[in-house]
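J.: Quick one, structure for this:
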Amino acid sequence: MNRQRVIIVVMALVLIGGTATVLSRVKSNQRLGAPGVTTEPIPGSRNLRVVLPERVLHYESEWIEPDALVTNTLPADTSYGQRRYFDPNNPEDQLQLSVVLMGADRTSLHKPQFCLEGAGWQIDGNWSLETSVPIERPQRYELPIIRLVSTRVVQTAQGAPVTYRGVYVYWFVADGALSGDMSGLDRMWRMAKHLLRTGELQRWAYVSLFAVCAPGQEEATFDRIKRFIAAAVPEFQLTPRAEAAAATAAIR
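T.: This is a model prediction of the structure:
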């Protein structure tokens with residue numbers, strides 16, 4: 001590791017440690033902010049259900065309850081929303097949209113690399129990138145996203161190996177804030193600054209999409225995911241809000 005990389009790593013660790021210290025000191029006086037995604041109450045629970053659209057483009061969908069392994073691992077005040085979208089005329093055209101919404105415990109949000117690798121997917125770092133998707137509603141803006149591509153080899157009933165590729169896209173959203181920084185430092189800095197300035201803990205949601213494809217189909221699958229994002233995001237994401245778009249138009 002060269003000297004420049006050592007300095008970057010040390011600075012990152014200092015920033016993470018400092019942010020954690022600041023957050024812990026003001027925790028006793030903080031209030032929880034509004035989510036940046038649509039939600040509804042769950043009867044008999046203090047948690048929320050993230051409301052996702054039933055139909056997007058040509059896709060139909062089914063609701064998926066969060067896995068017990070997930071709910072037993074993440075903090076008890078974590079809220080969820082998850083749907084599998086599929087083309088009824090093409091069984092190979094499907095993807096999964098998931099949202100994890102933190103409560104007062106920010107450890108609800110975690111790096112997706114842990115989940116992917118824990119499920120047997122090996123991430124190909126050469127395909128990882130930070131990019132954006134243009135969204136047209138409620139105003140035109142660029143949604144920052146992160147793409148990961150992974151590989152998994154499974155055995156058929158006859159014992160033959162079959163290779164699959166997984167295209168995973170994710171970003172973070174809170175009330176009035178978006179983040180697509182792979183390191184997570186941008187979101188942590190925003191959270192600490194907002195908390196110090198307002199006494200409010202931003203309620204971040206971790207949004208992800210996952211689709212499986214054959215080797216060689218990664219870019220086509222990524223394009224399909226981006227089209228889905230452009231159509232679906234205005235249906236469940238509240239940031240930026242419509243009133244902000246109206247205010248921007250009035251200024252112009």
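J.: List the neighbouring strands of the host helix or strand of Val162 plus their orientation.
T.: Val162 belongs to strand 161-174 when assigned by DSSP states H and E. Strand 161-174 sits in its sheet next to strand 141-155 (antiparallel), strand 177-179 (antiparallel), strand 205-213 (antiparallel), going by DSSP bridges.
J.: Report the rounded mean pLDDT for the last one.
T.: Throughout strand 205-213, pLDDT has a mean value of 97.
J.: quick revisit: looking at the strands paired with strand 161-174, which is buried most?
T.: Highest mean neighbour count among the strands paired with strand 161-174 (mean count of other Cβ atoms under 10 Å): strand 205-213, with a mean of 22. C-beta here means a position set from N, CA and C on the backbone, and glycine is covered the same way.
J.: And for that one, what's in contact with it?
T.: 35-37, 50, 94-102, 108-110, 112, 164-174, 220-221, 224-225, 228-229, 237 (Cβ atoms under 8 Å, 6 or more residues apart in numbering).
J.: Of these, which qualify as buried by neighbour count?
T.: Among the contacts of strand 205-213, those classed as buried by 16 or more other Cβ atoms under 10 Å are 35-37, 50, 95-102, 108-109, 112, 165-174, 221, 224-225, 228-229, 237.
J.: Show me the strands in this protein, by range?
T.: Secondary structure of the chain (DSSP state E): strands at 31-35, 39-41, 48-50, 60-63, 79-87, 90-101, 122-123, 129-135, 141-155, 161-174, 177-179, 200-203, 205-213.
J.: Name all residues that make contact with Gly36.
T.: By Cβ under 8 Å, 6+ apart, the neighbours of Gly36 are Val173, Ala174, Asp175, Gly176, Ala177, Leu178, Arg203, Trp204, Ala205, Gln237, Leu238, Thr239.
J.: and of the residues you listed, the nearest to Glu60?
T.: Gln237 (20.6 Å; Cβ to Cβ).
J.: Verify the contact between that closest one and Val173 for me.
T.: Yes - here Gln237 reaches Val173: they are 5.8 Å apart, a contact under Cβ atoms under 8 Å.
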